[in-house]
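> Compute the structure for the input listed below.
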Amino acid sequence: MKNELILVVDFGGQYNQLIARRVRDLNVYCEVVPYNKAVNEIKRKKPIGIIFTGGPNSVYDEKAPKIEKEIFEFNIPILGLCYGMQLISQTFGGVVEKADKKEFGKTLCIKDKNSKLISNMKSETTVWMSHQDQVVKLPEGFDCIQHTDTCPYAGIENEEKKIYAVQYHPEVNHSEEGKELIKSFLYDICNASGDWTMQNFMNEQIQKIKQTVGDKKVLLALSGGVDSSVCASLLSKSIGSQLTCVFVDTGLMRKNEGDEVEEAFKNDELNFVRVNAKDRFLEKLKGVTDPEQKRKIIGEEFIRVFEDEAKKIGQVDYLAQGTIYPDVIESGLGDAKVIKSHHNVGGLPDVVDFKDLIEPLRDLFKDEVRRLGLELKMPEYLVFRQPFPGPGLGIRVMGEVTEEKLEILRNADAIFREEIAKAGEDKNISQYFAVITNNKTVGVMGDFRTYDYTLALRGVTTTDFMTADWARIPYEVLDRVSVRIVNEVENINRIVYDITSKPPATIEWE
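Purely as a prediction, here's the structure:
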């Protein structure tokens, strides 16, 4: 990328992706790097600014993440958030201790000094705190710019060194003027020009794809989901007939979805191939219950199917995938913890026949992918399609995946989605689906005792799919869904609704 760059240095904070997303919202390109690789990445990528994330550790603990002091000698503006502020303070000789009173949630923050960082914020503003440690003594050369009732140094600066820090989280929506703070850091302190736009990204990727591919052929894994569909459109615009889109019907699709995907793409100016591979996938998944193993098996089998199809159409040098940035980060960026393995992350299997991978969406967040789809003039029904994981229903069937459980789930999920749409709630909910658990419970139907599956319903609202809140679906809608599923779908006698946000949960159950 030729754009100006902000590097987010990750210390294990739960909002690391959200920080990057907020920066990009303000038209500045941003990437996340692990703290122990930050200095090398700064030297290599030459960012215009650096942001330290929060983190779960206490800076005074012996094994807490630290940063080389060299990072402060590049003369690049730095913004520290929460743990990032504490680390900066400790590094320069300040004192961090466990606070007498913890601060979690919305807190009133008061301005002490009209710093560049907070010049566009009110004298009193609500911020989101999440800490039990705090700075109790400022390092030499730093001034206090904000405080709260229980936190004497809620914001600090060393204007000469271009170092700024706040104890709260401006990246979350609960901080009412957090966007203004980030904007001030980017434009007033880092002097960003705001050159990150989706049109620029599209044009750059088209040129990059053309240069990479040349006159070779590309095979795309087309699932029919948003990511792979946008990827197909971008590749088609770049290389036209050199692209072949292979849709693998794994048998793990939603009800009627295979036919819907084929209908959407077969008339497009694409080489479209549908492969019915249900038996292959179910055979590989037989007896497997571990979710990580299921994901890896499905990903590996995807590659094998593509290899087989590639041989049928002649020499194919490149495999294309709709990998996006959250996939990369959640699968473990650098030394970061793995949240979940994504089937399309981690490079090619050792025995793969393709020359290399092409992943043109790898740097984009989900909502940026949708914006790119609109930039490519794709139909809205494809751009705003319900998200669907690469492993499909394989990770919405808890325990072993069987045809029986898949059929139960397909029918129940279809009813849930139908009733949500009928009630008009599909406009309010970002993602909604059913999960068949591996638990059976006692029930009664008529005069008979039953012992059948428990079905879970999941609905979330989100702007970026990195954090999410559970959707408040009206009781009467949930009631209609429950009554219909129990009456119309065999082998389900209990239905529960998931009311857990992300974090601590993920959106998918596996």
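> Report all helices and strands that the helix or strand hosting residue 157 contacts.
Per DSSP states H and E, residue 157 falls inside strand 155-158. When contacts are defined as 3 or more C-beta pairs under 8 Å, 6 or more residues apart in numbering; DSSP states H and E, strand 155-158 sits against strand 143-147, strand 163-166. To be clear about C-beta, it is placed using only N, CA and C from the backbone, and glycine gets the same treatment.
> List the buried residues of the longest one.
Neighbour counts using 16 or more other C-beta atoms under 10 Å place 144, 145, 146, 147 of strand 143-147 among the buried residues.
> Could you export the residues you listed as TSV, including pLDDT and distance to residue 102?
Shown next, in TSV, are those (pLDDT from 0 to 100; distance: C-beta to C-beta, whole Å):
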residue	pLDDT	distance to residue 102
144	96	20
145	96	22
146	95	18
147	95	16
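> What residues sit buried inside the longest helix along the chain?
Longest helix of the chain, by residue count under DSSP state H: helix 291-313. Residues 291, 294-299, 301-307, 309-310 are the ones in helix 291-313 that count as buried (16+ other C-beta under 10 Å).
> again, but for stretch 128-139
Neighbour-count burial for stretch 128-139 flags 128, 129, 130, 131, 133, 134, 135, 136, 138, 139 (criterion: 16+ other C-beta under 10 Å).
> Residue 17 and residue 24 touch, don't they?
No. Between residue 17 and residue 24 there is no contact under C-beta atoms under 8 Å: 10.5 Å.
> Who has more neighbours out of these two?
Higher neighbour count among residue 17 and residue 24: residue 17, with 24 against 21, using other C-beta atoms under 10 Å.
> Just to be sure, the more buried one is in a helix?
Yes. Using DSSP: H, G, I helix; E, B strand; the rest coil, the secondary structure at residue 17 is a helix.
> I'd like the distance between it and residue 67.
Note on residue 17: its distance to residue 67, by C-beta to C-beta, to the nearest Å, is 20 Å.
> Also residue 456?
Counting by C-beta to C-beta, the gap from residue 456 to residue 67 is 42 Å.
> By residue count, tell me the biggest strand in this structure.
The longest strand of the chain (DSSP state E) is strand 95-111.
> Who are the packing partners of the next helix or strand after that strand?
Counting by DSSP H and E, the next helix or strand C-terminal to strand 95-111 is strand 124-137. Packing partners of strand 124-137 (3+ C-beta pairs under 8 Å, 6+ apart): helix 83-91, strand 95-111.
> same thing but 6 Å
strand 95-111 (3 or more C-beta pairs under 6 Å, 6 or more residues apart in numbering; DSSP states H and E).
> Now do the helices in the stretch 201-350 of the chain.
For the stretch 201-350 of the chain, applying DSSP state H, counting those that start in this stretch gives helices covering 226-239, 257-265, 278-285, 291-313, 325-330.
> Check those for me: which has the lowest mean pLDDT.
Lowest mean pLDDT of the helices of the stretch 201-350 of the chain: helix 325-330, a mean of 73.
> That one: what's the following helix or strand?
Downstream of helix 325-330, the first helix or strand assigned by DSSP H and E is strand 356-358.
> Mind pulling up the pLDDT for residue 503?
Predicted confidence (pLDDT) at residue 503: the value is 81.
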